[in-house]
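**Q** sequence and predicted structure are below.
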Amino acid sequence: MAVAGASGVYMKQGKRFGQPYFRSVLASTPRRKALRQFQQQQPEAPNTAPGRAPLRACLAAVRLSPSRTGMPSLPELCVAPELAPSPAACVAAAGRSGVSLDAELPAPKQCSCQLESASSVLQGHALSISSSSSSLPDLAVEEEAELTWRPSDADYAAAHGRPVLLAAHPGLPYQRIASADRRNLPFNDGSSIDFETPLFSGRACVWLRGAPGGAAVDEQFAGRRRRSLVTVQGRFRRPVPLDDLVTGQEFGRVENLPPAWLVEGVLLKVARAVSPSMSIGPASAPSMLMPVISGCSEIHAAPPGQEPNPAEPPREDLRAWDPSLTAADGSPLPAAKRKALFSRQGARSGRVFPTDLVFTFYFYQHVVDLSKYQLDVVYKFDLTKYLAGQPLQLMMRLRSTGEFAYCLHVHHERLLARSGGKQK
């Protein structure tokens with residue numbers, strides 16, 4: 001459904017995994033004038049398709065901030081031009097969200113609309129776009145394929161760790177990955193994946209037990225129960241409230257769930273035992289999210305230049321951030337006590353991750369075998385039966401806006417059969 005108007009188009013929300021669930025609302029006249037004024041101040045970027053530079057300069061998809069009106073201020077719209085998607089990508093996103101634009105709508109000379117998130121991914125915040133071209137570049141098909149990419153048979157055949165494939169989230173244009181192939185990232189060899197977002201700049205090192213990797217993998221997990229280890233190291237680019245930074249899993253939908261008594265009586269109890277501060281989303285939009293400060297296995301903070309090698313074994317030490325996190329003998333407070341402390345919201349309230357320290361986050365767990373996509377909690381569950389072809393995520397993001405510090409997807413070849421059959 002779409003309604004034409006002098007200032008834009010109304011669009012109803014839709015649903016699609018991996019993408020924000022958008023609905024657009026008309027921007028008010030003062031906002032349109034302000035955006036137009038700001039847009040006219042931006043120089044035309046070289047080698048840019050007609051009509052894309054103004055939008056790339058103005059799109060606020062990269063940096064969102066809380067606002068009562070849902071409208072970022074003009075300074076917050078100043079985004080690196082090359083990070084923002086084209087108008088065609090926005091049209092493609094509208095199509096993925098179940099929006100059909102009326103065929104009789106004329107190509108606008110000045111089209112302004114405000115895209116307001118209707119999901120937990122960008123809850124309560126907005127993106128604003130403005131394009132002064134007489135028509136949108138015909139790039140929708142190409143960018144639609146990029147934003148909705150999922151691995152094919154050929155992708156898995158070329159994967160470093162087949163049947164597992166590690167890839168960057170395809171729907172995050174603001175996440176830069178220093179890799180020749182965002183769709184086939186290294187793991188199980190000690191290599192670092194360098195990345196950068198407007199929220200965080202750093203690197204990740206991923207180890208998955210049972211996946212190809214040889215002696216290095218065996219050595220990494222020798223004598224330990226853990227089945228995966230993800231080390232994320234870097235610096236925040238702006239202060240981030242402890243209560244706002246979360247990690248976990250989110251899905252657009254699930255299917256073939258086990259009996260309710262098993263889900264409620266066993267699985268969710270185990271999840272809350274792992275992290276008492278974990279929040280569980282509804283079945284219509286399933287998620288399991290917990291604050292990083294209370295859910296991360298071990299955390300290390302150090303001044304730049306004194307951070308540990310991410311390939312070394314995990315170690316907890318937050319004394320450089322908070323000297324009170326010290327044991328009686330002067331050693332770092334154990335991770336278990338830090339988790340218990342910050343499981344209380346009062347301990348998290350008013351505190352932030354600063355920008356002047358290098359944080360190293362060690363995430364490890366022993367309940368999911370990613371080499372088999374199997375959950376082992378009391379019973380063993382084949383995760384491909386329930387995830388409708390959706391991959392598991394390695395991520396940190398803001399609860400308030402949905403902005404990611406980083407996000408990688410762990411695909412498994414067995415997901416192909418659950419996502420509509422094999423792809424070419």
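**A** Here it is on my side, so go on. Residues are numbered from 1 along each chain as shown.
**Q** all helices for the stretch 201-350 of the chain, in order.
**A** Secondary structure of the stretch 201-350 of the chain (DSSP state H, counting those that start in this stretch): helices located at 215-221, 260-262, 268-274, 292-295, 335-342, 345-348.
**Q** go through those helices and find the least confident stretch.
**A** Lowest mean pLDDT of the helices of the stretch 201-350 of the chain: helix 260-262, a mean of 61.
**Q** what is the least confident helix or strand in this protein?
**A** Within the chain, no helix or strand scores below strand 126-131, which has a mean of 33 by mean pLDDT, DSSP states H and E.
**Q** now do the same end-to-end measure for stretch 160-167.
**A** Distance between the two ends of stretch 160-167: 11 Å, counting by Cα to Cα, to the nearest Å.
**Q** buried sites along it?
**A** 160, 161, 163, 164, 165, 166, 167 (16 or more other Cβ atoms under 10 Å). Placement of C-beta: from N, CA and C, glycine included.
**Q** and if you look at stretch 384-395?
**A** For stretch 384-395, the neighbour count (16+ other Cβ under 10 Å) marks 384, 386, 387, 388, 389, 390, 391, 392, 393, 394, 395 as buried.
**Q** export it as PDB, just CAs?
**A** Extracted C-alpha coordinates of stretch 384-395, given in PDB (Å, rounded to 0.1, in the frame of the first residue of the first chain):
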ATOM      1  CA  THR A 384      18.700 -26.300  11.000                       C
ATOM      2  CA  LYS A 385      15.200 -27.700  11.700                       C
ATOM      3  CA  TYR A 386      14.200 -24.500  13.500                       C
ATOM      4  CA  LEU A 387      16.000 -21.500  12.000                       C
ATOM      5  CA  ALA A 388      14.300 -21.500   8.500                       C
ATOM      6  CA  GLY A 389      17.600 -21.200   6.800                       C
ATOM      7  CA  GLN A 390      18.800 -18.300   8.900                       C
ATOM      8  CA  PRO A 391      22.400 -18.200  10.100                       C
ATOM      9  CA  LEU A 392      23.700 -17.800  13.700                       C
ATOM     10  CA  GLN A 393      25.300 -14.500  14.500                       C
ATOM     11  CA  LEU A 394      28.500 -13.300  16.100                       C
ATOM     12  CA  MET A 395      27.700  -9.700  17.000                       C
END
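**Q** tell me the mean pLDDT for it?
**A** 93.
**Q** residues making contact with that stretch?
**A** For stretch 384-395, the external contacting residues (Cβ atoms under 8 Å, 6 or more residues apart in numbering) are 17-18, 150, 169, 204, 206, 230, 247-257, 363, 368, 370, 373, 383, 404-412, 414-420.
**Q** so which of those residues are in strands?
**A** In this view, these that belong to strands under DSSP state E are 204, 206, 230, 247-250, 363, 368, 404-412.
**Q** where are the low-confidence patches of this structure?
**A** Low-confidence segments of the chain (pLDDT under 70): 1-145, 259-275, 418-424.
**Q** burial count for the closest residue to residue 368 other than its chain neighbours?
**A** Once flanking residues are discounted, residue 368 sits nearest to residue 375: 5.5 Å by Cβ to Cβ, 6 or more residues apart in numbering. As a burial measure, residue 375 scores 17 neighbours (other Cβ atoms under 10 Å).
**Q** ditto for residue 334
**A** So residue 334, with other Cβ under 10 Å, has 13 neighbours.
**Q** please apply the same query to residue 220.
**A** 18.
**Q** mind listing what's buried in stretch 182-201?
**A** With burial defined by 16+ other Cβ under 10 Å, the residues of stretch 182-201 counted as buried are 182-189, 191-193, 195-201.
**Q** tell me who's in contact with the closest residue to residue 188 other than its chain neighbours.
**A** Computed as Cβ to Cβ, 6+ apart, the closest residue to residue 188 that is not its neighbour in sequence is residue 213, at 3.1 Å. By Cβ under 8 Å, 6+ apart, residue 213 lies in contact with 161, 187, 188, 189, 207.
**Q** identify the farthest-apart pair in the residues you listed.
**A** 161 and 207 (10.6 Å; Cβ to Cβ).
**Q** residue 376 falls within a strand, correct?
**A** Yes: under DSSP: H, G, I helix; E, B strand; the rest coil, residue 376 falls within a strand.
**Q** ok, now which ones touch residue 333?
**A** Residue 333 makes contact with 316, 318, 325, 326, 327, according to Cβ under 8 Å, 6+ apart.
**Q** and those residues, which are buried?
**A** Of the contacts of residue 333, these count as buried by 16+ other Cβ under 10 Å: 316, 318, 325.
**Q** could I get these as TSV with distance to residue 279?
**A** Conversion of the buried ones among the contacts of residue 333 to TSV gives the following (distance: Cβ to Cβ, whole Å):
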residue	distance to residue 279
316	24
318	23
325	24
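**Q** quick one: residue 214 from residue 189, how far?
**A** Noted for residue 214: a distance of 9 Å to residue 189, by Cβ to Cβ, to the nearest Å.
**Q** apologies, that question was intended for residue 365.
**A** Applying Cβ to Cβ to residue 365 and residue 189 gives a distance of 21 Å.
**Q** now swap in residue 279 and tell me
**A** 35 Å.
**Q** and what of residue 327?
**A** Residue 327 is 35 Å from residue 189, by Cβ to Cβ.
**Q** what sits against residue 254?
**A** 283, 286, 386, 387, 388 are the contacts of residue 254 under Cβ under 8 Å, 6+ apart.
**Q** could these go into a markdown table alongside distance to residue 225?
**A** Shown next, in a markdown table, are those (distance: Cβ to Cβ, whole Å):
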| residue | distance to residue 225 |
| --- | --- |
| 283 | 30 |
| 286 | 26 |
| 386 | 24 |
| 387 | 24 |
| 388 | 29 |
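**Q** right, and residue 376 touches residue 367 too?
**A** Yes: the pair formed by residue 376 and residue 367 meets the contact definition of Cβ atoms under 8 Å, at 5.8 Å.
**Q** neighbour count: these two, which is higher?
**A** Higher neighbour count among residue 376 and residue 367: residue 367, with 17 against 13, using other Cβ under 10 Å.
**Q** with adjacent residues omitted, what lies nearest to the more buried one?
**A** Nearest non-adjacent residue to residue 367 (Cβ to Cβ, 6+ apart): residue 377, at 5.3 Å.
**Q** lovely, talk soon.
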